[in-house]
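>>> Mind folding the following:
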Amino acid sequence: MTAVPFWHWRSLRFQTLAVVLIVALAPLAWVWSLEPAVMTSTLPLRRQLQQAATDVITMDPAEVARLHRIRVRVLAPDGTVLVDEDQDRDDPLERLDRAFFRTGPPPTLADFEATQPPLAERPLVADAPTGTPRSHCLAGDDITLVVCEAAVRTADGRTVLVQRSHHRALRALYAVRWSLLQLTLLIGLLAGVLGAWLAIRWVRPIRLLRDAAVARTTRPLHAERIALGRRDEIGDLAGAFDTLLDAVRHQAAAREHFVADVAHEMKSPVAAIRAAAELLEGDPDPARAQRIAHILDTSAARLGRTLDQLLELSRAEAGLPGAVFVDVDLYALARGVVDHLPPHGVTVEVVGAPVVVEGVAERLEQCVRNLVLNATSFAATHVGVEVAAGPDGAVLRVTDDGPGIPADALPHVFDRFFTTRPGSGTGVGLALVRAVVEAHGGTVTVDTAVSGTRFTVRLPARA
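Alright, predicted model coming up:
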């Protein structure tokens, strides 16, 4: 496994640094991009000034200036200033910004007026229309200030000029951007250091975790727990790996136990076949040959049956890959199994109602048959099979009136090759039942009393 280099875009370290730097540089890029939009943002202010200019004609100019925080001047037809009310004020937040960034005092409307020609010579005043005010916005020599104006001519020839300085947008944009650049460089440096620290903090334990996982795949395979000693998300991830390794360890132990059980189970028929073969080396009489042939046939049949069951068990434990799931009436299936049982000397009764589940009919039939045959081998006189609809699907109960299962044997009922059945039981049937039920997403449980045992199978409802 090749480590991802730092400079590759898929690297977590590279992505961490990139994100931190983008976040640090985004404010500066945003401020620089605002310049074209600042003039457009003055349109609401121009409309406000046009309304204010109209109001001056019918209202007290001082009241209009105070209400709109603007400068109002009224000029006579010869250019003489009749009224001059200045209520244009700096924004306190702007003064705070200037103090913080040490950019000096902000320009004012008076500074702008000092750079302009006399009022009567200004195009907006000279060409002021009658009725509907005309407005525009101008940047002074100090581009950190924009002044918006509106002018209208009254019926008696006077001219109303209203002005307001547009401080916040352009001043914040231009006056602060160089200070913001300095601040961004400082933040960028700090971001780089923090990004490197985060990369080490996050990526290094992940690489240690990866190396530990890879080390456990080398020969010989082992599943020792990974101990990073962390109490964060990466520690949680290491804990998840440990849980996985515990499952692998458990699976390996189960596989080892399974192989040992298979070897033990096959010893008897193999030993019988070997003994029969040794007897055949001589010159047996016909009667002995017939007995030897019977031993060979019985042992071979037992061996073949065991192998078939193991293959079915292995496939069921793998989740029945490739099997076709169809709608199955569990009640009809149980009825068919009971009707075709071989003679067993006990009464088997099926009760319930049709319940449809989704599954593999052959495997479910085998599951029911194994449960019923197991019950008949222990029952005294009666076996009951009940099929009913449960809250989450179908429920199948198989009950016998036998002696029950000993307490020490109860935890091992579904283990491979574990059996207390009288006769020639292989101990694979109930293990196969559990594997088939779990492959269908269900559960199987067993409970026992002084007299009798009950197996309960629960299968999910049809999707």
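>>> pLDDT weak spots in the stretch 1-150 of the chain?
1-13, 15, 24, 27-41, 90-106, 140-144 (pLDDT under 70).
>>> How about the stretch 251-400 of the chain?
254-266, 276-285.
>>> where do the helices sit along it?
In the stretch 251-400 of the chain, the helices defined using DSSP state H, counting those that start in this stretch lie at 286-317, 330-339, 361-378.
>>> Quick one: closest of these to Ala272.
helix 286-317 (4.2 Å; C-beta to C-beta). C-beta here means a position set from N, CA and C on the backbone, and glycine is covered the same way.
>>> ok and the closest one relative to helix 361-378, angle-wise?
Using axes from the mean of the first three to the mean of the last three C-alpha atoms, to 10 degrees, the inter-axis angle of helix 286-317 relative to helix 361-378 is 120 degrees.
>>> Pull out the buried residues from helix 286-317.
Using 16 or more other C-beta atoms under 10 Å as the burial criterion, the residues of helix 286-317 that qualify are 292, 295-296, 299, 302-303, 306, 309-310, 312-313, 315-317.
>>> Check which helices and strands it is in contact with.
In terms of contacts (3 or more C-beta pairs under 8 Å, 6 or more residues apart in numbering; DSSP states H and E), helix 286-317 is packed against helix 233-280, helix 429-439.
>>> switch to 10 Å and redo it
Secondary-structure packing of helix 286-317 (3 or more C-beta pairs under 10 Å, 6 or more residues apart in numbering; DSSP states H and E): helix 233-280, helix 361-378, helix 429-439.
>>> Rebuild these as TSV, extending it with mean neighbour count.
Converted to TSV, these look like this (neighbours: other C-beta atoms under 10 Å):
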stretch	mean neighbour count
helix 233-280	14
helix 361-378	21
helix 429-439	23
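>>> For the ones you listed, give me TSV that also has distance to Gly188.
Converted to TSV, the helices and strands packed on helix 286-317 look like this (distance: least, C-beta to C-beta, whole Å):
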stretch	distance to Gly188
helix 233-280	27
helix 361-378	65
helix 429-439	57
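>>> of the ones you listed, which approaches Leu161 most closely?
Leu161 lies closest to helix 233-280 among the helices and strands packed on helix 286-317, at 65.0 Å (C-beta to C-beta).
>>> burial count for the residue nearest to His440 when sequence neighbours are not counted?
Closest residue in space to His440, ignoring its immediate chain neighbours: Gly359 at 4.8 Å, by C-beta to C-beta, 6 or more residues apart in numbering. Gly359 is flanked by 29 other residues according to other C-beta atoms under 10 Å.
>>> mind listing what Gly359 touches?
By C-beta atoms under 10 Å, 6 or more residues apart in numbering, Gly359 lies in contact with 320, 323-328, 330, 333, 365, 367, 394, 436-437, 439-442, 459-460, 462.
>>> and if you look at Ala461?
Ala461 touches 355-358, 389-394, counting by C-beta under 10 Å, 6+ apart.
>>> For PyMOL, what selects the buried ones among the residues you listed?
Buried members of the contacts of Ala461, identified by 16+ other C-beta under 10 Å, are gathered into one PyMOL selection as follows:
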select buried, resi 355+356+357+358+389+393+394
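>>> before we move on, the earlier item: quick one: the residue nearest to His440 and Asp447, what's the gap?
Per C-beta to C-beta, to the nearest Å, Gly359 is found 24 Å from Asp447.
>>> Just the ones of the contacts of Ala461 in strands?
Those of those mapping onto strands are 356-358, 389-390, 393-394, per DSSP state E.
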